[in-house]
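Student: Need the 3D shape of this:
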Amino acid sequence: MARPRDAWAQPRDDLGDPVPVPAEVRRVVSLVPSLTESVAASAPGLLVGATDWCTHPEDLAVTRVRGTKNPDLERIAALAPDLVCANAEENRQVDLDALRAAGLAVWVTAPATVPAALRSLDRLLRLGCRLPRPAWLTTAEQVWAEPYRGPRRRAVIPIWRRPWMAVGRDTFTGDVLARLGVDNALGGSDQRYPRVDVAALPPHDLVVLPDEPYAFSPSDGPEAFAVPAVCVSGRLLTWYGPSLVEARASLAAALAAGPGPGAAQER
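Tutor: Below is the predicted model of the structure:
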């Protein structure tokens, strides 16, 4: 049987850059937690390295290469991966350039919406990792195919405090919430993750607090706001990968347990 034409060509990553992927990929290093989970769920044993922040699957036993912002470049090169998986937002360009200079193939993802994430994962796994399309990816597409038709709310989504920072324009996180009936009050910001003054926020009737990158919790975060807050899993809200299969139902349940739709409140 003839192979698909795109399997023969040198594929391009999300940034449009050609990636010199070998015909057979046997060793992968991932510098992004969600991509680590995606590869591990699709081909157990393919990963040989991952960051210290790669927590899923929980039994992942690979060489750790420090963090997303300070990867151990020498250790990564020593692992001799056929492919390094990275993300334009999570990883520094200087590190990716250094890995390429060392002769490694680096695939960069950059999705800002759920549909873009699903397409990105399909291309990474099929063309970058030379894998068959995984069943979980098809399930995730089906889960998110039905549009939201209910009432809408307007939220602020902090990601850090001291200083306070929140989700701004053109983010995957904002798109996930929009598909659950929650519009980002800071979606019109000129920055993707602006610093904010909690005393001068635009109208909103909800605060959504993920537990990463800052570990917001019921006892750390909600007290700073005058409107109700909902604490959610950062993995379900910000990761794109197998978590998308469960994210819609779990996040919808968490949001339903919070305040109902209503008029936005002036702060």
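
Student: The closest residue to D52 other than its chain neighbours and F216: what is the separation?
Tutor: Spatially, and ignoring its direct neighbours in sequence, D52 is nearest to R64 (5.2 Å; Cβ to Cβ, 6 or more residues apart in numbering). For every residue, glycine as well, the C-beta is placed using N, CA and C. Distance from R64 to F216, counting by Cβ to Cβ, to the nearest Å: 26 Å.

Student: could you pull out the strands for this structure?
Tutor: Ranges of strands in the chain, per DSSP state E, are 28-30, 47-50, 63-64, 83-87, 106-109, 153-156, 158-160, 165-166, 182-184, 206-210, 229-232.

Student: which one of these is the most hemmed in?
Tutor: Sort the strands of the chain by mean neighbour count, taking mean count of other Cβ atoms under 10 Å, and strand 28-30 sits at the top with a mean of 29.

Student: Give me the contacts around it.
Tutor: The contact list for strand 28-30, computed with Cβ atoms under 8 Å, 6 or more residues apart in numbering, reads 36, 39, 46-51, 54, 65, 76, 79, 81-85, 129.

Student: In the protein, what residue spans correspond to helices?
Tutor: In the chain, the helices defined using DSSP state H lie at 5-8, 33-42, 73-78, 93-101, 114-123, 135-145, 172-178, 234-238, 243-256.

Student: Format these as a markdown table; extra columns: mean neighbour count and distance to E58.
Tutor: Formatted as a markdown table, the helices of the chain follow (neighbours: other Cβ atoms under 10 Å; distance: least, Cβ to Cβ, whole Å):
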| stretch | mean neighbour count | distance to E58 |
| --- | --- | --- |
| helix 5-8 | 10 | 32 |
| helix 33-42 | 25 | 10 |
| helix 73-78 | 16 | 22 |
| helix 93-101 | 15 | 26 |
| helix 114-123 | 19 | 21 |
| helix 135-145 | 15 | 17 |
| helix 172-178 | 21 | 23 |
| helix 234-238 | 21 | 12 |
| helix 243-256 | 18 | 13 |
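
Student: nearest to L60, of those?
Tutor: Across the helices of the chain, L60 has its closest neighbour in helix 33-42 (6.0 Å, Cβ to Cβ).

Student: Tell me the helices and strands packed up against the closest one.
Tutor: Packing partners of helix 33-42 (3 or more Cβ pairs under 8 Å, 6 or more residues apart in numbering; DSSP states H and E): strand 28-30, strand 47-50, strand 83-87, helix 135-145, helix 234-238.
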